[in-house]
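Asks: pasting the structure only:
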């Protein structure tokens, strides 16, 4: 049963060459942060290219609930009239974050150091995910949290009335945890310090600086040390959201495995903390090129061209790369199924606690489609069958996870027989135009009763 209503079974059939231009949605990470930081300014922030998937729309609703004026002007154009740092009002109703782990954790951080109380919930998938990794460091500021057993939603947070700054070392690589602590530090006096042993996506740091916060990053023997001066007056911005590299992964990977394909994906954000998948694909022998390299809004951007690559080879993906491509491992495992040899993915335990246990979900589906998979707590291996040799003919479970559903939709485009997905409805959380975009390129993904 979908967390977003009636399940939508889908079938992805083998197709001819994928051709054309794929205009994928705006970056989800930057979209969330644009709304939240806009709400923490005094004045109007203008956003162009906002991702209008369910996850981001739930964050927009949450910002309204905390007192900001959030207006949709159509066509991805939005404005946020904020209430300032420490200005959040107490919401009258429960904050429903749907399927979004990023949304709920960042919002918890943003309200944690204001003297208000808020209750958070989500869909079945989100309510099964652990929140202690965020509420534990927020407690250091003086925030109180009461939730279900195991630190799960629904959960009520009581913001710190007299917050204190903290110094916190993130125990596992997590941009969500880091960002929650930094957002909480905005309304704490003095300096809040976050230490990362492994670098994760740095959109929060870049955007905080862009909004006028004083923030310094230093590489030390402890790791990456981020120091934020508390209680700034954030300055409203005009933000052009680059297109999402995590969404681009699906048409790019499909083009690599479908014979004769040539797909251009323009205006993709290539922040180094997000681009690990593309490095990995090139190491596997993918015909993937970057055109029109440039910088927009402090973020590197380029147009990606992906062409059919019949000679892909399995590789070892190092654990140090995991943080820069954590959301792309499901579709990478699909590409690995069409490569020659073993693709060994290491240091990926974070996949166990995403919208689903992504290692388990992908392993089950790949095995059902005739692919050998071995996995452990922090690693997994896919033994590729080479181009044209993946049987398919499987029904797979999406586990309420948008990236699992889309990964298997990509797989079905190049298998010998169709791949059936039990529920594609979660795709709307991050990529609402996925079906239409892929159809325009030549894919055959149909809603079915199979």
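Replies: Cool, the structure landed. Only a predicted model underlies this, so the values are computations on that prediction, with no experimental measurement involved. Numbering: from 1, shown residues only.

Asks: Residue 252 versus the spatially closest residue to residue 277 that is not a sequence neighbour, what's the distance?
Replies: Leaving aside its sequence neighbours, residue 277 sits nearest to residue 328 (Cβ to Cβ, 6 or more residues apart in numbering; 3.9 Å). C-betas here are computed from N, CA, C, even on glycine. Relative to residue 252, residue 328 is positioned 10 Å away (Cβ to Cβ, to the nearest Å).

Asks: what's the answer for residue 426, then?
Replies: In terms of Cβ to Cβ, residue 426 sits 21 Å off from residue 252.

Asks: Kindly report the same for residue 364.
Replies: According to Cβ to Cβ, residue 364 and residue 252 sit 24 Å apart.

Asks: give me phi/psi at residue 112?
Replies: phi -70, psi -20 (degrees, to the nearest 10).

Asks: Next, count neighbours for the closest residue to residue 351 other than its chain neighbours.
Replies: Leaving aside its sequence neighbours, residue 351 sits nearest to residue 358 (Cβ to Cβ, 6+ apart; 4.2 Å). Neighbouring residues of residue 358 were enumerated by other Cβ atoms under 10 Å; the total is 25.

Asks: would you list every one of the helices in the stretch 201-350 of the chain?
Replies: Chain-ordered helices for the stretch 201-350 of the chain, with DSSP state H, counting those that start in this stretch as the definition, fall at 203-210, 245-257, 276-283, 329-337.

Asks: how far does stretch 269-289 stretch from start to finish?
Replies: 14 Å (Cα to Cα, to the nearest Å).

Asks: Use 7 as the first number for this chain going forward.
Replies: That works, and once the first residue is 7, the last one we named lands at stretch 275-295.

Asks: got a list of what the closest residue to residue 141 other than its chain neighbours touches?
Replies: Spatially, and ignoring its direct neighbours in sequence, residue 141 is nearest to residue 151 (4.0 Å; Cβ to Cβ, 6+ apart). The neighbours of residue 151, taking Cβ atoms under 8 Å, 6 or more residues apart in numbering as the test, are 137, 141, 144-145, 157, 161-164.

Asks: Verify the contact between the residue nearest to residue 357 and residue 355 for me.
Replies: No. Look at residue 364 against residue 355 with Cβ atoms under 8 Å: they stay out of range, at 10.8 Å.

Asks: Residue 94: which of the contacts of residue 151 is nearest?
Replies: residue 163 (11.4 Å; Cβ to Cβ).

Asks: Would you map out the domains in this protein?
Replies: 16-32+248-453, 34-245 (automatic domain parsing).

Asks: Look at the last one and report the distance between its end residues.
Replies: This means domain 34-245. This stretch, domain 34-245, spans 13 Å end to end (Cα to Cα).

Asks: Stretch 270-282 now?
Replies: Across stretch 270-282, the terminal residues are separated by 19 Å (Cα to Cα).

Asks: chain center to that stretch: distance?
Replies: A distance of 13 Å separates the centroid of the chain from that of stretch 270-282, by Cα atoms, centre = their mean, to the nearest Å.

Asks: what residues are up against the residue lying farthest from the centre of the chain?
Replies: The outermost residue of the chain, judged against the average C-alpha position, is residue 168 (32.5 Å), by Cα atoms, centre = their mean. The contact partners of residue 168, by Cβ under 8 Å, 6+ apart, come to residue 148.

Asks: Likewise for residue 301?
Replies: residue 307.

Asks: On the pLDDT front, check it for me.
Replies: As predicted, residue 301 sits at a pLDDT of 82.

Asks: Then residue 178?
Replies: Residue 178 is given a pLDDT of 87.

Asks: quick one: it and residue 139 touch, right?
Replies: Yes. Under the criterion of Cβ under 8 Å, residue 178 makes contact with residue 139 at 7.5 Å.

Asks: the more surrounded of the two?
Replies: residue 139 (18 against 13).

Asks: Now the phi/psi pair for the more buried one, please.
Replies: According to degrees, to the nearest 10, residue 139 has phi -60, psi -20.

Asks: That one is in contact with residue 179, isn't it?
Replies: No. In this structure residue 139 lies outside contact range of residue 179 using Cβ under 8 Å: 11.2 Å.

Asks: What residues does the nearest residue to residue 290 once chain neighbours are set aside make contact with?
Replies: Setting aside the residues directly before and after it, residue 290 is nearest to residue 318 in space (Cβ to Cβ, 6+ apart), at 4.9 Å. Taking Cβ under 8 Å, 6+ apart, we find residue 318 in contact with 262-263, 290-292, 341, 344-346, 390, 393.

Asks: cool, residue 166 as well?
Replies: By Cβ under 8 Å, 6+ apart, the residues touching residue 166 are 118-121, 147-149, 194.
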